[in-house]
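In: Model the structure of this input:
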Amino acid sequence: MATDKQTHLEKVLETNHINKHANIDKYVAKKNDVKTALNQKFTKEKAGNSIDSGSYAKCTAINKKFDIDCCIPFLKKEPNTNQNGFLNLKDMFDAVYDYFKDEYEDDELIDVRKQRVSIGLLFEIDGEEFNMDVVPGRERPNNGDYNENNTDLSLYINSRSTKEDEKGSTKVKTNIKKHVGLLQGEGRKHERKVAKLLKVWKTERKAQKGGKLIKSFMMELYTKESFDKNSDNIPHGLWGKVKMVMNHIVDNIESNDLVDPANSSNVISDAMSDTAKSSTKSDMKKTIKEVDEDSDKIKFYFPINEDYNDDDEKNSSQAAAPQLNTSKFG
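Out: Have a look, this model is predicted:
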């Protein structure tokens, strides 16, 4: 019997929902502890309190593979002044790293590492590893300019590639709050569903074959771009919407720049290797072709997370339940 793609993808979303994770409450509590610690440590230097960021804040996280992120905005210190804050972006980045490496006290923290624009924290909670990224950002353009109406930030780029070394750039303008708001609201609920399904697809492809694929933030941006472009002709059903976005990625990932909506000069796709772009394109084309030809293939590319499949428990309970013996009723 052919697989009902809509029913299957609905089940994929249900079983991969972030709130299904057994430790999610503890992870959120840890994230809040980190935000509080940052606010207290950098009371004088911060331009505002730490904010949630990343896929959890955007409601596009899945429980199979995720981290929970935050961003702390800092004041910009002007030269030759006694202002609080940071004159140099690298000093800002290193100050946050040094705090977690040398001062932050938490028995569950097992590793601290410098990443491209964030400080990566690795915790062990109830025997499971939990990743959290802390993004330090500095207000722009001037001291005291960070407020509700201006949340632009400058991030330090901790170069980790030859391509970035060649560009020589050590900073980038962005806006974390704008990123979080891109797919928010009732009118964007279908985009969020597609973004989560694409993350399930990516996680499964990497588990099956390894290698580099499209970055999650890029998938979110492509999803919004595709829905906006086809706003008058959005397909019905989850598979139709997923296929629409995949086709949009296939058509654009190698040939067109993907630009940060918070900074037109920041080409986000430049951070992705040509190999990763090529692999993503070919894998998505293959997925579309095979699922369209054989509906059962959707189970291979978009698997149900059996760890949180309540149907298995129901079926098991029903199988174990005593059966009524009706023989005595004639």
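
In: Looks like Thr170 contacts Leu89 (just checking).
Out: Yes: with contacts defined as CB atoms under 8 Å, Thr170 counts as touching Leu89 at a distance of 6.9 Å. Placement of C-beta: from N, CA and C, glycine included.

In: Determine the residues that are contacts of both of those two.
Out: Residues within reach of Thr170 and of Leu89 at once, by CB atoms under 8 Å, 6 or more residues apart in numbering, are Tyr156.

In: In terms of neighbours, single out the busier of those two.
Out: Neighbour totals were compared for Thr170 and Leu89, and Leu89 leads with 20 against 15 (other CB atoms under 10 Å).

In: Surely the more buried one touches Asn158?
Out: No: taking CB under 8 Å as the definition, Leu89 is not a contact partner of Asn158, at 10.0 Å.

In: residues in contact with the strand or helix carrying Gln40?
Out: Using DSSP states H and E, Gln40 sits within helix 24-41. By CB under 8 Å, 6+ apart, the residues outside helix 24-41 that reach it are 18, 21, 46, 49-50, 52, 56, 63, 68, 70, 72, 96, 99, 103-104, 106, 108, 121, 123, 125-126, 130, 132, 134.

In: Among those residues, name the ones in strands.
Out: Judged by DSSP state E, these include Asp52, Ile68, Cys70, Ile72, Leu121, Phe123, Ile125, Phe130, Met132, Val134 as members of strands.

In: just checking, what packs against the helix or strand harbouring Thr203?
Out: In the assignment (DSSP H and E), Thr203 maps to helix 189-209. Counting by 3 or more CB pairs under 8 Å, 6 or more residues apart in numbering; DSSP states H and E, the packing neighbours recorded for helix 189-209 are helix 5-15, helix 216-229, helix 238-252, helix 298-301.

In: quick revisit: in CSV, list the C-alpha atoms belonging to the helix holding Gln40.
Out: Extracted in CSV, the C-alpha atoms of helix 24-41 (Å, rounded to 0.1, in the frame of the first residue of the first chain):
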residue,chain,number,x,y,z
ILE,A,24,14.1,19.8,27.4
ASP,A,25,13.0,21.5,30.6
LYS,A,26,16.5,21.0,32.1
TYR,A,27,18.2,22.3,29.0
VAL,A,28,16.0,25.5,29.0
ALA,A,29,16.8,26.0,32.7
LYS,A,30,20.5,25.7,31.9
LYS,A,31,20.2,28.2,29.1
ASN,A,32,18.5,30.6,31.5
ASP,A,33,21.2,30.1,34.1
VAL,A,34,23.8,31.0,31.5
LYS,A,35,21.9,34.1,30.4
THR,A,36,21.6,35.2,34.1
ALA,A,37,25.3,34.6,34.7
LEU,A,38,26.3,36.7,31.6
ASN,A,39,24.0,39.5,32.7
GLN,A,40,25.7,39.5,36.1
LYS,A,41,29.3,39.1,34.9
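
In: what distance separates that helix from the centre of its chain?
Out: Offset of helix 24-41 from its chain centre (CA atoms, centre = their mean, to the nearest Å): 18 Å.

In: buried stuff in it?
Out: Going by neighbour count (16 or more other CB atoms under 10 Å), the buried part of helix 24-41 is Ile24, Lys26, Tyr27, Lys30, Lys31, Val34, Lys35, Ala37, Leu38, Lys41.

In: Mind putting the residues you listed into CSV with pLDDT and distance to Val194?
Out: CSV is the format used below for the buried residues of helix 24-41 (pLDDT from 0 to 100; distance: CB to CB, whole Å):
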residue, pLDDT, distance to Val194
Ile24, 95, 22
Lys26, 96, 29
Tyr27, 96, 24
Lys30, 97, 29
Lys31, 97, 26
Val34, 98, 30
Lys35, 98, 29
Ala37, 98, 35
Leu38, 98, 33
Lys41, 98, 39
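
In: quick one: the helix holding Thr203 to chain centroid distance?
Out: 11 Å.

In: who touches that helix?
Out: So helix 189-209 is contacted by 9, 12-13, 16, 55, 58-62, 64-65, 183, 213-214, 216, 219-220, 223-224, 227, 234, 238, 241-242, 245-246, 283, 287, 301-303 (CB under 8 Å, 6+ apart).
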